[in-house]
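Student: Let's see this in three dimensions:
(2 chains)
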Amino acid sequence: MIALDDLDRQILRRLSADGTLSAGEVGRQLGLSQPAAWRRIKRLEEAGVLAGRRIDLDRAALGFGVTVFLGVKLATKGRVSLEDFERAVMAIPEVQVVQHVLGLFDYRLRVVARDIADFERVLRRRIMTLPGVGQVEANVLLTEERRPGPLG
Amino acid sequence: MLDDTDRRLLRHLLGDPSLGAAALADLAGVTPATCWRRLERLRASGVIRRDAAVINWRALGYEVEVSLRFTLDKTNPRAFDEFIAAAREVPEVIGIETFLGRVDVRLNVIARDMAQYQDIYRRRILALPHISELEALMLIATIKDSEALPL
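Tutor: Numbering: from 1, shown residues only, chains lettered A, B, ... in the order given. The predicted structure follows:
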């Protein structure tokens, strides 16, 4: 596992706030030369710590006013039913996130929809018809906030 | 207002956020100058809220990720604000979401191992104010994680 020093942690903090920063800009903020900052960023990428970029959109401005998290419990268990469920749920365009979890539910899904009526359509036609689906709990997302995490 | 060109740019960008402006312009069938101007406008108007590097916590030795679902004591009008302010003080909390439904707030918590998780849970999480109920879902695997919208 890669060992980080304070400068690496500062670089991660800055890039996880703004992924569009160039190595030169990150370096300037931290008093590093462009090549030194570039080498550190490269090392973090090669170690798999920096794993690409993520773009968060104002989904409502794009016409997707509703985001719902679903907890899904499978009615039947076993390897085959998990694979069938996963294959089918991955193919639903409105489902952005699929997580296999341990606890009260078997899966967590993040679903986007244009409005509540559209969500009901996705729920009835797409989710409730998934193979093996059992109990489903829905919670409508109001706000979300990403935190920098344990970076010193 | 967004037009078809904006939507096309966003669709390609969501598909691969690390695309450079030149590659993106090519895919969307616009000139690099147009592409750059459009992206600037989408950022300025807040349609693109955040464009950030993804940190893979597993690669830093954080093997445990737990989704903690809270119901808060809503008899106190300040319950949400105080709970969220306190949760922000816990470094291992990497995400905070609020909901309408049976769950009020969800925290995404990471830890190096189960022993550290137990320590964070007992010392920091159970000390958060106004908790009425609490459930944990332990992440086994993320099968899909995409910001893609059916545009």
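Student: biggest strand in the chain by residues?
Tutor: Defaulting to chain A. When chain A is parsed with DSSP state E, its longest strand is strand A:133-146.
Student: That was the other one, I meant chain B.
Tutor: The longest strand of chain B (DSSP E) is strand B:131-145.
Student: can you pull the alpha-carbon coordinates of it into CSV?
Tutor: The C-alpha coordinates for strand B:131-145 follow below in CSV (Å, rounded to 0.1, in the frame of the first residue of the first chain):
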residue,chain,number,x,y,z
ILE,B,131,-30.4,9.9,17.1
SER,B,132,-33.6,8.1,17.5
GLU,B,133,-32.9,5.0,15.4
LEU,B,134,-29.9,3.7,13.6
GLU,B,135,-29.3,0.9,11.1
ALA,B,136,-26.2,-0.2,9.3
LEU,B,137,-25.7,-1.6,5.8
MET,B,138,-22.2,-2.9,5.2
LEU,B,139,-21.0,-2.5,1.6
ILE,B,140,-20.0,-5.8,0.0
ALA,B,141,-19.5,-4.5,-3.6
THR,B,142,-20.4,-1.6,-5.8
ILE,B,143,-21.8,-3.2,-9.0
LYS,B,144,-22.5,0.1,-10.8
ASP,B,145,-21.7,3.7,-10.0
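Student: Can it be said to contact chain A?
Tutor: Yes: using Cβ under 8 Å from any Cβ of the partner chain, strand B:131-145 reaches chain A at B:135-145. Just so you know, the C-beta spots here come from the backbone N, C-alpha and C atoms, and that holds for glycine as well.
Student: quick one: strands adjacent to that strand?
Tutor: Sheet partners assigned to strand B:131-145 using DSSP bridges are listed as strand A:95-102 (antiparallel), strand B:64-72 (antiparallel).
Student: looking only at pLDDT, what's the mean for the first one?
Tutor: Per-residue pLDDT values over strand A:95-102 give a mean of 96.
Student: Export that strand to PDB, keeping only CA atoms.
Tutor: Output of strand A:95-102 as PDB, limited to C-alpha atoms (Å, rounded to 0.1, in the frame of the first residue of the first chain):
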ATOM      1  CA  VAL A  95     -30.600   3.200 -12.100                       C
ATOM      2  CA  GLN A  96     -27.300   5.000 -11.500                       C
ATOM      3  CA  VAL A  97     -25.900   3.100  -8.500                       C
ATOM      4  CA  VAL A  98     -26.100  -0.500  -7.600                       C
ATOM      5  CA  GLN A  99     -24.500  -1.700  -4.300                       C
ATOM      6  CA  HIS A 100     -24.500  -5.200  -2.900                       C
ATOM      7  CA  VAL A 101     -24.900  -4.700   0.900                       C
ATOM      8  CA  LEU A 102     -25.200  -6.700   4.100                       C
END
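Student: Show the pLDDT at A:Met79.
Tutor: In this structure residue A:79 is Arg, not Met. In this model, A:Arg79 is scored at 69, pLDDT.
Student: Going along the chain, name the helices of the chain.
Tutor: Defaulting to chain A. Assigned by DSSP state H, chain A shows helices spanning A:6-17, A:23-30, A:34-46, A:79-90, A:116-121.
Student: hmm, I had chain B in mind actually
Tutor: Under DSSP H, chain B gives helices at B:4-15, B:21-28, B:32-44, B:79-88, B:114-120.
Student: Please render the strands paired with strand B:131-145 as CSV that adds distance to A:Leu15 and mean neighbour count to the earlier fields.
Tutor: Shown next, in CSV, are these (distance: least, Cβ to Cβ, whole Å; neighbours: other Cβ atoms under 10 Å in any protein chain shown):
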stretch, distance to A:Leu15, mean neighbour count
strand A:95-102, 22, 19
strand B:64-72, 21, 21
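Student: Just tell me which of those strands ends up closest to B:Ala25.
Tutor: Smallest distance to B:Ala25 across those (Cβ to Cβ): 25.8 Å, for strand A:95-102.
Student: Worst mean pLDDT among the helices of chain A?
Tutor: Here the lowest mean pLDDT among the helices of chain A goes to helix A:79-90, at a mean of 89.
Student: Which strand residues bridge the closest residue to chain B within chain A?
Tutor: Of all residues in chain A, the one sitting closest to chain B is A:Asn139 (3.3 Å; Cβ to the nearest Cβ). A:Asn139 forms beta bridges with A:Phe69, as assigned by DSSP bridges.
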